[in-house]
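1. mind folding the following:
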Amino acid sequence: MTETKPKYDATNPKGVGRRKTLKNLLVASVASPMVLTSYKARAAIQLTVRDPGGPYVKAMNEAFYKPFNEAMKGEIVVTGVISQHEPTALIKSMVESKTYTWDIAGGFSIASTNALLSGPGYLEKLEIDDDPEVQEIPARFRNPYLLGYEVFTCVLAYRTDVYPKTAPAPTGGWKDLWDTARIPGVRSLRKDAFYTIEQAIMAAGIPADQVYAYLAKNGFDPAFKSLDKIRKGINIWWTGAAQTSQLLATGEVDMVPTFNARAQDAIDGGAPVAISWNQGLWTYAGMAIIKGGPHVEACRKFVRFCANAERQATLAKYIAVGPTNPNAFKHIEAKRAAVLATDPTNFGQSLQFDADFWGKEKDRGTERFNQWILG
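-> Residues are numbered from 1 along each chain as shown. Purely as a prediction, here's the structure:
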């Protein structure tokens, strides 16, 4: 095998010394419990995988990193590094400067994938479609650059102690979130154009299956007219999904759009919280290989591993994300399956988040949303 140069921090294009690099890697390994030191010392190839952090730390380790490292027996070792935000800018910097902080972007959304593929392209083709386990995953959950291993849905979560079944509980879609007169309560909304724009359109009465066609024809103006109607009714604007679990658990908010796994965290913790799947927005995330990295073939081995049904079932055990491999449900208890995004009942109530639309409109939509927030 060819010996490769040590990785450098992409935020320092001029590079850093070997001593500082080793120090940085040591700090990263202490910060993340996902490093498996038993194999690392003798590993022929070491891969760094970005993941979203929070509850994913243990979930990714148990589902993917630990079993892969054991299977490779020191030939390849993967280490997880936490990155809680969409890392498109950082990936572009890595590729352009050829200084790689990560080899693989894990937990990478299809919308971000499409954004990176515009222009010169910053991701490697996976070239793993001949793998039988990859073929078990439906085409809607993968593409030549991204293997989806999880599906999650942006849902409306609410406190059942505030909205018991005898009251007008917010289960009728996004109109309920907007209806502050009929359904009073403390509300929170995501401080981001993604999902929020779609929710505003559906709250205005546009059917779920017409949302993106409507946006394509009419632009963003109708969404912001709808948002104007609820601006004064929003008590908290959330910026990180983990924040919503805490807001629900402590009762700081009564209803909030959030990802189903984050709402489930609050439910599993004993909070009186329920989920409305009606008009939810589902998307998938997975593994993408950063273009031009030093270990592309080794990365492909790891990405293939993430297609395995049992591995995805293990992930769902620790965090409530729907597996993309339908055979994973053979290894998931019925009670747990019922709270996952790819459970047929939940999935059938949800709208697919249009990654192609946002791949083209991300910058324009984000800029418009940020101006609206300030104005």
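2. helices and strands of the chain: which one has the lowest mean pLDDT?
-> Using mean pLDDT, DSSP states H and E, helix 18-31 stands out as the lowest-scoring helix or strand of the chain, at a mean of 40.
3. how is the protein divided into domains?
-> Split into domains by automatic domain parsing, the chain comes to 18-151+284-348, 152-282+354-374.
4. ok, of the ones you listed, where does mean pLDDT dip lowest?
-> For the domains of the chain, mean pLDDT drops lowest on domain 18-151+284-348, to a mean of 87.
5. that domain: how far from the chain's middle?
-> Offset of domain 18-151+284-348 from its chain centre (CA atoms, centre = their mean, to the nearest Å): 11 Å.
6. mind listing what the closest residue in space to D161 that isn't next to it in sequence touches?
-> For D161, ignoring the flanking residues on the chain, the nearest one in space by CB to CB, 6 or more residues apart in numbering is P272 at 4.5 Å. C-beta coordinates here come from the backbone N, C-alpha and C atoms, glycine included. Going by CB atoms under 8 Å, 6 or more residues apart in numbering, P272 touches R159, T160, D161.
7. neighbours around A204, how many?
-> 17 (other CB atoms under 10 Å).
8. that one contacts N218, doesn't it?
-> No. Counting by CB atoms under 8 Å, A204 does not reach N218; the two are 10.7 Å apart.
9. in the stretch 151-300 of the chain, which spans are helices?
-> 174-178, 196-203, 211-218, 221-230, 241-250, 260-268, 296-305 (DSSP state H, counting those that start in this stretch).
10. among the ones you listed, which comes closest to N143?
-> helix 296-305 (12.5 Å; CB to CB).
11. for that closest one, name the packing helices and strands.
-> strand 45-51, helix 66-72, strand 76-82, strand 104-109, strand 273-289 (3 or more CB pairs under 8 Å, 6 or more residues apart in numbering; DSSP states H and E).
12. can you report how many residues neighbour the nearest residue to Y158 once chain neighbours are set aside?
-> Leaving aside its chain neighbours, Y158 sits nearest to M255 (4.0 Å; criterion: CB to CB, 6+ apart). Using other CB under 10 Å, M255 is surrounded by 24 other residues.
13. now, among the contacts of P272, which is nearest to A169?
-> T160 (7.7 Å).
14. ok, that closest one to T171 distance?
-> 11 Å (CB to CB, to the nearest Å).
15. now swap in G121 and tell me
-> Applying CB to CB to G121 and T171 gives a distance of 43 Å.
16. more neighbours, these two?
-> T171 (15 against 12).
17. which residues touch the nearest residue to that one once chain neighbours are set aside?
-> The shortest distance from T171 to any non-neighbouring residue, by CB to CB, 6+ apart, is to S276 (4.5 Å). Taking CB under 8 Å, 6+ apart, we find S276 in contact with V155, L156, A157, Y158, P170, T171, G172, G173, D176.
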